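> sharing a model prediction with you, sequence too.
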Amino acid sequence: MSAFRHIFKPAQLRHKTLRNRIVFGAHTTNMAEDGYPVARHTEYYRERAIGGAGMIVVEPMPVHAAAVLTRGNFRHSDDSIIPLFRKVTEAIKDNGAVAIQQLYHVGQHGDADNSFHANWSPSGRPSYHDSDGSHTMTGLEIEETIDGFVQAARRCKEAGFDGVEVWAAYHSFIDQFWTPWSNRRDDRWGGSLENRTRISREIIDRIRRLCGEDFIVGLAVSDEPDVDVMLSRESIAEIVALHDRTQDVDYVTCGVGGYFDFYKLMPTFLYPEKMGTDLSQILKASVSHALVTAEAHIRTPENAETVLGEGLSDLVSIVRGQIADPHLAAKAEEGRPEDIRGCLSCNQMCWGRRSRDYWISCVVNPSAGREWEWGGDRFSPTETPKNVLVVGGGPAGLEAARVAAERGHQVVLAEAGHRLGGAFALAGKQPRRAQIADLIAWYERQLAKLGVNVRLNSFVEADDVAAHGADTVILATGSLPADTGFQKALPQFDDLPGLASGNVFSAEAVMAGEARPGKRVIVLDEGGNWKGCGTAWKLAEDGHDVTMVTPDALIGKELQRTAADFPLRRALSRLGAEFIVESAILEWTAGGARVVSLLTGEERMIEADTLVTATTNVAFDSLACELAERGIAFTAIGDGVAARQAPYAIHDGRRVALEI
């Protein structure tokens with residue numbers, strides 16, 4: 001505990017004492033079924049409470065029909081939800097954490113696809129969520145919405161929650177009333193600061209009077225200094241101080257970003273860490289009663305200890321870090337932070353799945369969202385230990401070997417190369433992606449602690465498998481670049497015309513240092529993900545003149561779901577990269593590429609020295625074929641079955657190890 005003395009100092013929050021200052025903050029898990037919390041919810045939150053979080057803020061509850069935003073939102077305005085939420089609150093509180101629920105309304109930024117309701121807002125401004133407009137609320141509709149917040153808080157109290165967090169962040173409904181740009185009203189709800197804050201003060205006052213003194217009330221705000229129409233930090237501090245005077249608000253959470261700049265709201269690795277502290281330190285100087293929580297890209301206990309130690313906040317919210325490792329707090333308190341599996345700040349399975357309206361999970365922790373099914377991030381020991389051979393040290397093999405060893409099996413991991421990680425390790429060499437290298441180092445530490453026999457430079461053939469005599473054989477042999485230049489946009493060509501001209505390399509070869517690209521490089525990116533985009537970024541950083549060609553309408557199409565595409569394009573543009581979209585390469589020549597527009601059929605020549613291909617890989621399954629022919633039993637996982645991305649490989653690894 002000496003290394004984290006600030007984190008593990010208890011905090012008093014009205015009638016409750018938090019066992020530590022780590023919060024598992026609100027985020028939409030999108031797990032509801034027919035609007036009700038289910039076992040998937042209960043066990044997800046139970047796992048983080050077991051893992052040591054001091055306070056858990058359960059995902060937002062819409063307070064009105066106009067507030068519904070996702071398929072997995074909870075039912076609003078419905079008391080039938082209360083008994084089911086008791087299971088969630090009991091799971092949290094029985095394991096030592098304080099249970100809060102966030103109450104939200106997105107105002108003008110709604111989603112009619114899910115709500116089938118007009119967006120309601122102070123002044124009818126347009127949605128930044130989609131292309132819809134919004135309805136200017138009448139006085140009666142404002143009162144109806146205030147009552148929606150209050151009745152939602154009542155349900156929370158009856159369900160056993162210790163309090164609620166009123167959402168006023170990211171230019172949501174309440175923030176829209178606070179902000180002059182979105183509040184053009186000339187009645188008692190607009191104009192002066194007193195009028196613009198009337199709605200939030202009414203909500204909080206009525207919640208306090210209905211729910212009593214032994215009920216925590218929090219307020220969530222956010223910082224967006226790069227957007228002129230948003231409130232300044234000083235204005236937010238003035239508003240928070242106004243609410244603090246009554247001592248009805250017990251804590252304030254400071255996020256970053258919002259609907260005007262959604263990319264900061266869930267900041268990826270393209271952004272700096274500890275982003276919420278610029279606002280939190282200002283708010284700490286503005287309040288006398290409320291505790292202040294810093295939130296946004298505080299990934300690790302070390303981050304949290306620094307923030308608290310420097311007096312930048314009273315509490316810290318670590319969300320994605322506790323999705324990645326639900327036992328983050330407990331491991332830090334036990335003095336073993338090196339055992340914490342770090343978040344990659346990639347957003348691929350948390351925000352990325354939520355953006356597609358699925359329930360969330362995690363790249364590095366496939367048990368996230370499956371705790372009810374897999375028993376969380378804790379593994380029951382096997383009653384029948386077996387001799388397990390894992391072939392391949394990429395993400396699938398690493399996870400299979402780790403979990404099998406955790407369960408008590410004797411594991412040999414054979415990797416053909418000189419290091420672990422497979423192609424995933426190459427991704428860790430791309431700009432700002434060193435967290436991948438940290439993850440592989442974590443696997444190395446865990447395998448060593450668990451006694452896994454790791455054999456590098458060990459290419460395994462069918463005779464080797466037969467001679468090993470393992471009880472269980474797991475093939476995680478990965479995939480390889482096709483090296484044909486095949487483009488899905490031009491399926492009539494199995495091979496890229498002109499491939500024999502030379503100076504054509506895969507993205508993997510470039511990142512592995514096996515290729516020497518010339519000054520002028522074309523990156524053919526069919527995936528729209530980090531393989532092509534990150535390689536192009538690396539080449540541009542190293543001084544190459546980069547032109548990206550993609551059949552998609554924009555560079556980084558697949559990165560849209562992770563809120564990383566615009567920051568990535570901005571970084572590439574600042575390095576001088578050129579983008580050619582909705583196009584394909586008809587022919588590669590010694591002087592460059594003949595590129596065709598998929599829209600018009602127009603052709604043009606792009607001069608270049610080197611072509612780098614980021615296209616779909618093919619499974620490296622020759623060993624699987626040999627074993628199948630010889631009747632030797634095995635299970636193939638990861639890219640060795642079909643080329644996919646890292647989360648599915650890690651998922652395969654954990655699943656098969658749990659089945660042994």
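That came through, no problem. Numbering: from 1, shown residues only.
> mind listing the strands for the stretch 251-400 of the chain?
Secondary structure of the stretch 251-400 of the chain (DSSP state E, counting those that start in this stretch): strands at 251-256, 291-295, 315-317, 387-391.
> the shortest one - contacts with which helices or strands?
The elements that strand 315-317 packs onto, with contact taken as 3 or more C-beta pairs under 8 Å, 6 or more residues apart in numbering; DSSP states H and E, are strand 22-24, strand 291-295, helix 301-309. The way it works is simple: take the backbone N, C-alpha and C, and place the C-beta from them, glycine included.
> what does the longest one give?
With contacts taken as 3+ C-beta pairs under 8 Å, 6+ apart, strand 251-256 sits against strand 216-223, helix 277-284, strand 291-295.
> okay, the angle between the shortest one and strand 216-223?
For the pair strand 291-295 and strand 216-223, the angle between their directions (axes from the mean of the first three to the mean of the last three C-alpha atoms, to 10 degrees) equals 50 degrees.
> average pLDDT for strand 291-295?
Strand 291-295 comes out with an average pLDDT of 97.
> what are the pairing partners of it, and which direction each?
strand 251-256 (parallel), strand 315-317 (parallel) (DSSP bridges).
> who's in contact with the last one?
With C-beta atoms under 8 Å, 6 or more residues apart in numbering as the contact definition, strand 315-317 has outside contacts at 7, 11, 18, 21-25, 54-55, 57, 251, 253, 276, 291-295, 298, 303-304, 307-308.
> quick one, which of the strands paired with strand 291-295 gets closest to Tyr271.
strand 251-256 (8.4 Å; C-beta to C-beta).
> which positions within the closest one qualify as buried?
251-256 (16 or more other C-beta atoms under 10 Å).
> residues near Ala633, how many?
Using other C-beta atoms under 10 Å, Ala633 is surrounded by 11 other residues.
> for Cys625, same thing?
10.
> any idea how far Glu444 is from Asp162?
The gap separating Asp162 from Glu444 is 41 Å, by C-beta to C-beta, to the nearest Å.
> out of these two, which sits in the busier spot?
A count of neighbours by other C-beta under 10 Å puts Asp162 above the other of Asp162 and Glu444, at 23 against 17.
> find the nearest non-adjacent residue to the residue nearest the centre of the chain, please.
Residue closest to the average C-alpha location in the chain (C-alpha atoms, centre = their mean): Asn347, at 2.8 Å. Leaving aside its chain neighbours, Asn347 sits nearest to Thr562 (3.8 Å; criterion: C-beta to C-beta, 6 or more residues apart in numbering).
> got phi/psi on that neighbour?
Phi and psi for Thr562, reported as degrees, to the nearest 10, are phi -100, psi 0.
> repeat for Arg201
Dihedral angles (degrees, to the nearest 10) for Arg201: phi -70, psi -40.
> swap in Pro10?
The phi/psi pair for Pro10 (degrees, to the nearest 10) reads phi -60, psi 160.
> now do the same end-to-end measure for stretch 126-133.
4 Å (C-alpha to C-alpha, to the nearest Å).
> what's the answer for stretch 123-140, then?
Here the two ends of stretch 123-140 are set 15 Å apart, with distance taken as C-alpha to C-alpha.
> buried set for that stretch?
Result for stretch 123-140 [16+ other C-beta under 10 Å]: buried residues 123, 125, 127, 129, 134, 137.
> which one of these is nearest Thr615?
Closest to Thr615, out of all of the buried residues of stretch 123-140 and judged by C-beta to C-beta, is His129, at 33.3 Å.
> check contacts around the closest one.
For His129, the contacting residues are 69, 106, 109-111, 259, by C-beta under 8 Å, 6+ apart.
> follow-up on the earlier one: surely the residue nearest to the centre of the chain and Gln560 touch.
No. With contact defined as C-beta atoms under 8 Å, Asn347 does not reach Gln560; the gap is 10.7 Å.
> tell me which residues are up against the lengthiest helix in the chain.
Taking DSSP state H as the criterion, the chain has its longest helix at helix 139-158. For helix 139-158, the external contacting residues (C-beta under 8 Å, 6+ apart) are 61, 63-64, 66-67, 76-77, 79, 81-82, 85, 101, 103, 105, 120, 137, 163-164, 166, 173, 187, 189, 199, 202-203, 206-207, 210-212, 215.
> let's go with 7 Å and repeat that
Applying C-beta atoms under 7 Å, 6 or more residues apart in numbering, the contact partners of helix 139-158 are 61, 63-64, 77, 79, 81-82, 101, 103, 105, 120, 164, 166, 187, 189, 199, 202-203, 206-207, 210-211, 215.
> so for it, mean pLDDT?
Mean pLDDT, computed over helix 139-158, is 98.
> how about it: buried residues?
Neighbour-count burial for helix 139-158 flags 142, 145-157 (criterion: 16+ other C-beta under 10 Å).
> please apply the same query to stretch 438-452.
439-440, 442-444, 446-447, 450, 452.
> now it - C-alpha only, CSV.
Extracted in CSV, the C-alpha atoms of stretch 438-452 (Å, rounded to 0.1, in the frame of the first residue of the first chain):
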residue,chain,number,x,y,z
ASP,A,438,3.4,-3.5,-22.6
LEU,A,439,0.7,-6.2,-22.9
ILE,A,440,3.1,-8.7,-24.4
ALA,A,441,5.5,-8.0,-21.6
TRP,A,442,2.7,-8.6,-19.2
TYR,A,443,2.1,-12.0,-20.8
GLU,A,444,5.7,-12.9,-20.5
ARG,A,445,5.7,-12.1,-16.8
GLN,A,446,2.5,-14.1,-16.2
LEU,A,447,3.8,-17.1,-18.2
ALA,A,448,7.0,-17.1,-16.2
LYS,A,449,5.1,-16.9,-12.9
LEU,A,450,2.8,-19.7,-13.9
GLY,A,451,5.7,-22.0,-14.9
VAL,A,452,4.8,-22.2,-18.6
